[in-house]
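1. what follows is a protein structure lacking sequence information:
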């Protein structure tokens, strides 16, 4: 899924695997290679991407009698008496951990915790820039779900929320579930929830546009990874009939009597449960069999523009909805899908209309739950974020080219944050119950502050300007 | 080789006393073999998930057929076929396979061993596992067994929990290492 600020091809997200050749791909590859080389140079030049900076005045060393000992002891005593005060008297209210085991990083696979660090730094920068969140990159050397869970649980006292990142499926499901149960703070796994929320937001508007109700549609999910498993759950929460949903993976339609279903019961109980609940008509076979007469196709599989064929789209119901979300190459090119009759098409790319991008979601969600000092992050909150995103796009006028806000519409973020904060209050999980306007104001302030901060550091040359590309490599793009 | 209680479902069946289980149990016949063999293979493939020493052989298909065929003729074995009800009537959705064994050194002198029990996932829960266990236990008892034993992979925790809840405990253990 796309994740980054706009670029022709999101440079942060490399192809999951090498793509069959096409002219576009070789051009993409050369751009990607160039960006990679530049990123290494700049990473070396700046020595990483984030640092901690003070947020209090330090006039002289005398001030440390307040910020540190002896004054700080009283702050500690107060928190000891009421641990929730850590959200008022320390930076915990705005600090999150970006935790990964490095087991499924971008398209690189299992590259270990050190290898994951630059990616987590980049994510921390996005959190800061878009959400005004202090995010600490925390790759950990742990592989078993039990070890990851225990490590995060032990780290939790320092954080107001946890963002799990790039942890392999299916272990990511159990880890998220267990941590959500154990920790008194929100735990989010962006590869599941961020992507699913953005997908749902786009889908709500696509349904609106084609005069459909989520309660009546027949939907096919192509790909049964982290994102689509979460999307299925959110769809059910919205009232989608599980029997009218069919999952398709590399082995075809997932159904209760597929030969690998017992294996799934052991290795991937989440997918197993979907095998039992979904596909009411008892369809078997491949994608074609699943798609016949379907209203909606949500594809989050592997990059290959020939995964979904025009005849697939033609076999769907009238005015079908097609989301082809693989990055960097969608499962079908949007124009091909439109020519085959798709009423609405979305992809993960910013160079086509309707980019389903989890960066539309996570900064605002974290802003909202942090401002509410939320204790958890139930699906109702995820859906509140999706609905608010959808509403914003709708307010500007829905069309088949405008399902979702773009990353340029930054005014959307505080509104999504406020909707999230209000949902936390409504769900009874907010430590701090603000009004909608208060949440909105806080979000605007906090998000705006980040940008002003970076701009000020730029102006003061505390962040040096970017060094030029060596002339030997400079060329026209 | 041993087998698993995969009839129990994710967290064991609820509503155990319900007589309205969605299956019908009957003695298996030779004519059932074409549907029983794949069910038995599903069970063995499930067992494979729990231990590399339970890797299923390439010829397991033929073996399953032979084993079931032998048991169908053996007076000291019981093979039951579980059929669906309603629209699934006449569809075999599960199999129970048990054998009677002498216990030369211990009393009770005859044990009834559930070696294979498998039910398609959609028919699990809803008290079906419990019902299968009761039925096979009753039939084993009627044939002289004084104790009923379930064999399944040690790592199959779902099976362990299922039987533990119904009063089973480990009495002997089989520990293995490759040679």
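-> Thanks, I have it. Please read these numbers as outputs of a predicted model, since none were measured by experiment.
2. please list the residues of chain B that sit near chain A.
-> B:6, B:10, B:42, B:43, B:45, B:46, B:49, B:50, B:120, B:121, B:122 (C-beta under 8 Å from any C-beta of the partner chain). C-betas here are computed from N, CA, C, even on glycine.
3. among these, which pair sits farthest apart?
-> B:50 and B:122 (22.2 Å; C-beta to C-beta).
4. run a quick neighbour tally on whichever residue of the stretch 1-150 of chain A sits closest to chain B.
-> Per C-beta to the nearest C-beta, residue A:146 is where the stretch 1-150 of chain A lies closest to chain B, at 14.4 Å. Residue A:146 sits with 12 neighbouring residues when counted by other C-beta atoms under 10 Å in any protein chain shown.
5. next one: the one 10 residues further on
-> Burial of residue A:156, expressed as a neighbour count using other C-beta under 10 Å, amounts to 18.
6. distance of the closest residue to it other than its chain neighbours relative to residue A:157?
-> In this structure, residue A:156 finds its nearest non-sequential neighbour in residue A:183, 5.0 Å apart by C-beta to C-beta, 6 or more residues apart in numbering or on different chains. For residue A:183, the distance to residue A:157 (C-beta to C-beta, to the nearest Å) stands at 10 Å.
7. the more surrounded of the two?
-> residue A:183 (20 against 12).
8. I'd say that one and residue A:150 touch.
-> No - at 11.8 Å, residue A:183 does not count as touching residue A:150 under the criterion of C-beta atoms under 8 Å.
9. joint contacts of those two?
-> Common contact partners of residue A:183 and residue A:150 (C-beta atoms under 8 Å, 6 or more residues apart in numbering or on different chains): none.
10. was I right to think residue B:154 contacts residue B:47?
-> No - in this structure residue B:154 lies outside contact range of residue B:47 using C-beta under 8 Å: 10.6 Å.
11. comparing the two, which residue is more hemmed in?
-> Each of residue B:154 and residue B:47 has its neighbours counted (other C-beta under 10 Å); residue B:47 has more, 24 against 15.
12. list the contacts of the closest residue to that one other than its chain neighbours.
-> Excluding its sequence neighbours, the residue lying closest to residue B:47 (C-beta to C-beta, 6+ apart) is residue B:54, at 4.7 Å. Taking C-beta under 8 Å, 6+ apart as the criterion, residue B:54 is in contact with B:1, B:44, B:47, B:48, B:153.
13. now swap in residue B:109 and tell me
-> Taking C-beta under 8 Å, 6+ apart, one finds B:102, B:103, B:146 in contact with residue B:109.
14. where does the chain dip in pLDDT?
-> I'll assume chain A. A:1-28, A:474-477 (pLDDT under 70).
15. hmm, no, I was thinking of chain B.
-> Checking chain B against pLDDT under 70 turns up B:1-19.
16. center of it, which residue is that?
-> Taking C-alpha atoms, centre = their mean, the centroid of chain B lies closest to residue B:117, which sits 1.9 Å from it.
17. what's the answer for chain A, then?
-> Centre-nearest of chain A using C-alpha atoms, centre = their mean is residue A:194, 2.9 Å out.
18. that one against residue A:166, yeah?
-> No - taking contacts as C-beta under 8 Å, residue A:194 lies outside contact range of residue A:166: 11.8 Å.
19. one step back: quick one: secondary structure of the residue of the stretch 1-150 of chain A closest to chain B?
-> helix (DSSP: H, G, I helix; E, B strand; the rest coil).
20. quick check: residue A:322 is in a strand.
-> Yes - counting by three-state DSSP, residue A:322 is part of a strand.
21. show me the strands in the chain, by range?
-> Because you didn't say which chain, this covers chain A. Counting by DSSP state E, residue ranges of the strands within chain A are A:95-100, A:134-139, A:161-164, A:187-189, A:219-222, A:245-249, A:252-253, A:296-299, A:321-324, A:344-347.
22. not what I meant, chain B
-> Taking DSSP E, the strands of chain B run over residues B:23-27, B:77-84, B:92-102, B:110-119, B:147-150.
23. count of residues packed around residue B:89?
-> Residues near residue B:89, counting by other C-beta under 10 Å: 9.
24. is it true that residue A:280 touches residue A:243?
-> Yes - Residue A:280 is within contact range of residue A:243, at 2.5 Å (criterion: C-beta under 8 Å).
25. tell me who's in contact with the residue lying closest to residue A:419 once chain neighbours are set aside.
-> Leaving aside its chain neighbours, residue A:419 sits nearest to residue A:388 (3.7 Å; criterion: C-beta to C-beta, 6+ apart). Applying C-beta under 8 Å, 6+ apart to residue A:388 gives the contacts A:415, A:416, A:419, A:420.
26. how far away is residue B:83 from residue B:66?
-> Distance, residue B:83 to residue B:66, using C-beta to C-beta: 24 Å.
27. do you know how far the closest residue to chain A within chain B is from residue B:126?
-> Proximity of chain B to chain A (C-beta to the nearest C-beta) peaks at residue B:46, 3.9 Å away. Note on residue B:46: its distance to residue B:126, by C-beta to C-beta, is 20 Å.
28. and the residues of chain B next to chain A, which of them are buried?
-> Buried by 16 or more other C-beta atoms under 10 Å in any protein chain shown: B:6, B:42, B:43, B:45, B:46, B:49, B:50, B:120, B:121, B:122, out of the residues of chain B next to chain A.
29. what about the residues you listed, which are in helices?
-> Taking DSSP state H as the definition of helices, these contribute B:42, B:43, B:45, B:46.
30. separation between the second one and residue B:132?
-> Using C-beta to C-beta, we find residue B:43 at a distance of 13 Å from residue B:132.
31. ok, the last one next?
-> Distance of residue B:46 to residue B:132, computed by C-beta to C-beta: 16 Å.
32. what parts of the stretch 251-400 of chain A come near chain B?
-> Proximity of the stretch 251-400 of chain A to chain B, by C-beta under 8 Å from any C-beta, involves residues A:256-257, A:259, A:261-263, A:265-267, A:269, A:272-273, A:275-276.
33. show the contacting residues for residue A:266.
-> Per C-beta under 8 Å, 6+ apart, neighbours of residue A:266: B:46, B:49, B:50.
34. which residues touch residue A:209?
-> A:343, A:344, A:398, A:399, A:400, A:403.
35. quick check, nearest of these to residue A:111?
-> Using C-beta to C-beta, the contacts of residue A:209 come closest to residue A:111 at residue A:403, 33.8 Å.
36. the closest one contacts residue A:357, correct?
-> No - Residue A:403 lies out of contact with residue A:357 (C-beta under 8 Å); the separation is 11.6 Å.
37. ok, back up a step: quick check: neighbours shared by residue B:43 and residue B:132?
-> residue B:117.
38. please spell out which residue in chain A sits farthest from the middle.
-> In chain A, by C-alpha atoms, centre = their mean, residue A:62 is the one farthest from centre (43.8 Å).
39. quick one: that residue and residue A:56, what's the gap?
-> From residue A:62 to residue A:56 the distance is 13 Å (C-beta to C-beta).
40. also residue B:92?
-> For residue B:92, the distance to residue A:56 - C-beta to C-beta - is 74 Å.
41. I appreciate the help and will end here.
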